[in-house]
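**Student:** no FASTA, just this:
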């Protein structure tokens, strides 16, 4: 598809959050031109879209999620964390089939499209089935292993690494482990050997709760990130999800090694885990990205809610209304996310990059007047402002409709059937 | 207009958050029937709406706002509170005309309709102009005086009380003062005399910041609510906005006198004011409602964001994922708000009540599967799920469109003209 977007305000995110007025050309799956209005070059356009002054910007990167947990959305809320996991979540997950993983990921993808997410960093049970759903529906997906002592084995992870990274241009796969508390030391050493063999980055849940951090210190005399580092797990990069209870040494380690932090404020809030020191991460020049976490702990997959929470909670934590500027947040939700996920070819709007972009509608009351459009996206924006979502040069969502023959009602029906069976 | 809604899940909010399946009839401005599907009674319907299993519920009550501050939305963010007020907000407000108040309120009303707000509790500069905007556009509005030492006078407030309470069925007016720190004691005593003359409730910003609370204690040896009470200002009811720094005695006073608290988590977060102890308010059986505060401190007027923040911040504050259940929040955002505003005739969906209601679309991915519909509205809902907003029996917003000839683009253009003039 060749698509010409014209009459747009364009937030390229190449340098800062300034807007340019002009047009953007998509040829095939990539961006062919971004800049002021210019003469046609003879391209035969499949579509020319008048953006009516709306904002064209890179799609959001949801840098930590467990998509197929849609089944358990609002299934068990307002419960203490451990009780929730042990009595509600784990028993259901034990019954989930591979096909469930596919079907439930499709439901999540619909929601991602409505909130302008163009790539996900997904850790869940059955990666090949998640991949199938993403390829079918056109979602860019970086899979990450959630290896732990219950599975998969290190050999299986290696096999997935080799298979899934060659499967399809939309799919990549990173090595990862679930968390320190679900792995023993021997297993982590085995993972480290593989990491060194492939010179691969590693990702994991790190220091999400105070309990997790304390127990790791009791076991090994080290915080989770320091323990991982002591095993060589971060020798080739990677990073952590949540990172709520990072101390200064943890942050210095992340800064020194160029590791990525994915913050998950919606989940940390709803599960009462705590507030991550995001302002301090930025002072240390750590790359911070944003994720929704899974829909059973959030319970939605809405990057606008996450963006407001990132800056709002930082302001509360630091008791400073100037903490973590909205423009920092916009960078986290787009460019930083892409870099954490290894998607350097889908980070900004520039010639040669993948056409992963969204159109933000300014012709809605929450976006008026136009005092500061980019800050307003963070402070007042909502998924309702997402007018169009394009991934890999394909328009997948537009004006509230899912395109390309997606049957949303059938996906909803399947999700309801699945949770009825799992909970039955 | 006579409208029949059928094939609906109905959340009446009369007792708890249970849903009934059936239909709801609106005749004129009031609800004529709520219950299971039943035989037609010969009514000639102007419209019959198939709700397709979606949720019909009372509209949200935005129980604290300054609507006409839309001009300053995202005009000056990421600044310390006092600098923001003194260098950015006050100089602009000094230049606002009565017509500006009308025009800018219209912009806010558009946003309220998109988020399912059917009544606002509005404190701003020029009440008669706010009232005009609300009457013209069909918004139910309880005005409250923001009297302070710069105006209006107590006589003007009395005059407004008598005039505006007789103006139109959509409009009511409460006495109020801006805050302790913007009034001197003599002025508050004068207000108290008027309160006693009319046996009227009084509302004010109370204990929003630590600074405000400490300075009041230094001046009078009493917290703001206790100081107000010592002057007899709460002898006929009323309540406070924000109430972030309430101590146990403040709460006991509010419980004893049946005063209302309106919590404003979005504003308190963005301005780094702090987290109100909402869980403790509920334990003391205080009626807690929810408000967005004005759009220059929030910066949006989105009750879904506020609802998530009410429960989320309580969970963080109490370090307890079970704190302030979503169903409590749904009650705050609807029934409790109505009661705080004195709208006992627009609180729940029942025969004889005003038809102030919304339709929540469940046919969207963030609402699936249907594990717990009412909790999901709070934890995963968004303004995009608001399919229809009806106030006083009139449908004002439906499927993303403003009805009754409202010209949204003209309202946006006026807001941009106004801020250009004010900031020029």
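**Tutor:** Structure's in. What do you need? Owing to the predicted nature of the structure, the values given are computational and were not obtained by experimental measurement.

**Student:** Just the buried positions in the helix or strand bottoming out on mean pLDDT in chain A, please.
**Tutor:** Among the helical and strand segments of chain A, the one scoring lowest on mean pLDDT, DSSP states H and E is helix A:81-83, with a mean of 75. With burial defined by 16 or more other C-beta atoms under 10 Å in any protein chain shown, the residues of helix A:81-83 counted as buried are residue A:81. C-beta coordinates here come from the backbone N, C-alpha and C atoms, glycine included.

**Student:** Do you have the helices of the stretch 251-400 of chain A handy? List them.
**Tutor:** Taking DSSP state H, counting those that start in this stretch to define them, one finds helices in the stretch 251-400 of chain A at A:265-270, A:278-283, A:303-318, A:326-331, A:337-341, A:373-379.

**Student:** How about the helix or strand where residue A:133 lies, which residues are buried there?
**Tutor:** Here residue A:133, judged by DSSP states H and E, is contained in helix A:127-137. For helix A:127-137, the neighbour count (16+ other C-beta under 10 Å) marks A:127-135, A:137 as buried.

**Student:** Let me know the closest of those to chain B.
**Tutor:** residue A:137 (11.8 Å; C-beta to the nearest C-beta).

**Student:** Against residue B:35, how distant is the closest one?
**Tutor:** From residue A:137 across to residue B:35, the span is 41 Å (C-beta to C-beta, to the nearest Å).

**Student:** Same check on residue A:149?
**Tutor:** Distance from residue A:149 to residue B:35, counting by C-beta to C-beta: 55 Å.

**Student:** With neighbour numbers in mind, choose between the two.
**Tutor:** Neighbour count, other C-beta atoms under 10 Å in any protein chain shown: between residue A:149 and residue B:35, residue B:35 has more, with 15 against 11.

**Student:** Format the buried residues of helix A:127-137 as TSV; extra columns: pLDDT.
**Tutor:** Compiled in TSV, those are given as follows (pLDDT from 0 to 100):
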residue	pLDDT
A:127	96
A:128	97
A:129	97
A:130	98
A:131	98
A:132	98
A:133	98
A:134	98
A:135	98
A:137	98
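
**Student:** Restricting to the residues you listed, which residues neighbour chain B?
**Tutor:** Among the buried residues of helix A:127-137, no residue lies close to chain B (C-beta under 8 Å from any C-beta of the partner chain).

**Student:** Including distance to residue A:214, could the residues you listed go into a markdown table?
**Tutor:** Formatted as a markdown table, these follow (distance: C-beta to C-beta, whole Å):
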| residue | distance to residue A:214 |
| --- | --- |
| A:127 | 31 |
| A:128 | 36 |
| A:129 | 36 |
| A:130 | 33 |
| A:131 | 36 |
| A:132 | 40 |
| A:133 | 37 |
| A:134 | 37 |
| A:135 | 42 |
| A:137 | 41 |
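
**Student:** returning to what we had before: is the least confident helix or strand of chain A anywhere near chain B?
**Tutor:** Yes - counting by C-beta under 8 Å from any C-beta, chain B is contacted by helix A:81-83 at residue A:81.

**Student:** which outside residues touch that helix?
**Tutor:** A:209, A:271-273, B:321 (C-beta atoms under 8 Å, 6 or more residues apart in numbering or on different chains).

**Student:** re the thing from before, give me the contacts around the helix holding residue A:133.
**Tutor:** A:67-68, A:98-99, A:101-103, A:105-106, A:109, A:120, A:122, A:124, A:139-141, A:143, A:145, A:160, A:163-164, A:167-168, A:170-171, A:173, A:396, A:406.

**Student:** hang on, the earlier thing: filter the contacts of helix A:81-83 down to just the buried residues.
**Tutor:** A:209, A:271-273, B:321.

**Student:** low pLDDT regions in the stretch 151-300 of chain A?
**Tutor:** Counting by pLDDT under 70, the stretch 151-300 of chain A has no low-confidence residues at all.

**Student:** near chain B, which residues of it show up?
**Tutor:** Taking C-beta under 8 Å from any C-beta as the contact definition, the stretch 151-300 of chain A meets chain B at A:266, A:269-272, A:274-275, A:295, A:298-300.

**Student:** Please repeat the previous calculation with a cut-off of 6 Å.
**Tutor:** Contact residues (C-beta under 6 Å from any C-beta of the partner chain) of the stretch 151-300 of chain A with chain B: A:269-272, A:299-300.

**Student:** Looking at the residues you listed, which two lie furthest apart in space?
**Tutor:** Within those, two members stand farthest from each other by C-beta to C-beta: A:272 and A:300, at 17.6 Å.
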